[in-house]
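Chemist: Just the structure for this:
(chains A and B)
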Number of protein chains: 2
Amino acid sequence: MLGPGKVRLLEEIAEHGSISAAGRAMKMSYKRAWSLVEEMNAGFKSPLVDRARGGAKGGGASLTPEGEAVLAAYRRLEEKAREAGSEEIALIGAMVAD
Amino acid sequence: MLGPGKVRLLEEIAEHGSISAAGRAMKMSYKRAWSLVEEMNAGFKSPLVDRARGGAKGGGASLTPEGEAVLAAYRRLEEKAREAGSEEIALIGAMVAD
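Modeler: As a prediction, this is how the structure comes out:
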């Protein structure tokens, strides 16, 4: 329901203010980016992404407070996981081909 | 290079002794399972999966010692991450739709 790809998409939407620009930054089709946003918005009690309607700029998108909270929590989780699992990460990393 | 899908595939190969049975357990095509194994074997200094050749049983597969080490390290990493990030996991979990 949430993984590295969707979280990065949230981050890019926050940065670019648009789903299509976020998708482009990830070399992802607009359709794919949109579909991931729909999945996230449906999968959480409150939408994570606010898709502004129409207007001169043809709409834009931003994170809702819930989207910002989820993004921040996920990034903290990754940081804590990297710290707690540093031994295992090093072990696996040392086995990876150059 | 390694994520939940590949790690589960390693685990299923260890359990079933065959790439095709492992793929079936994950509702994955044989082709897909085989291709993930090739990626893992090429991505690590030593192969993670040993594909036994031909024979009466038409070959089978098992984890190499390196494959077992990577699988075990990944599972320990997940466990440590769940422990260290329990607060964030709970926060995100509470926001997920019922």
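
Chemist: I'd like to know which residues of chain A are adjacent to chain B.
Modeler: A:1-2, A:42-46, A:66, A:69-70, A:73-74, A:76-77, A:80-81, A:83-85, A:88-89, A:91-92, A:95-98 (Cβ under 8 Å from any Cβ of the partner chain). All C-beta atoms are positioned from the backbone trio N, CA, C, and that covers glycine.

Chemist: tilt between the helix or strand hosting residue A:76 and helix B:65-84?
Modeler: Residue A:76 belongs to helix A:65-84 when assigned by DSSP states H and E. Angle, helix A:65-84 to helix B:65-84, by axes from the mean of the first three to the mean of the last three Cα atoms, to 10 degrees: 130 degrees.

Chemist: counting contacts, what elements does helix A:65-84 pack onto?
Modeler: In terms of contacts (3 or more Cβ pairs under 8 Å, 6 or more residues apart in numbering or on different chains; DSSP states H and E), helix A:65-84 is packed against helix A:4-16, helix B:65-84, helix B:86-95.

Chemist: again, 10 Å this time
Modeler: helix A:4-16, helix A:30-43, strand A:49-51, strand A:61-63, helix A:86-95, helix B:65-84, helix B:86-95 (3 or more Cβ pairs under 10 Å, 6 or more residues apart in numbering or on different chains; DSSP states H and E).

Chemist: now what about the fifth one, what contacts it?
Modeler: Put plainly, it is helix A:86-95. A:81-83, A:85, B:1-2, B:43-46, B:48, B:66-67, B:69-70, B:72-81 (Cβ atoms under 10 Å, 6 or more residues apart in numbering or on different chains).
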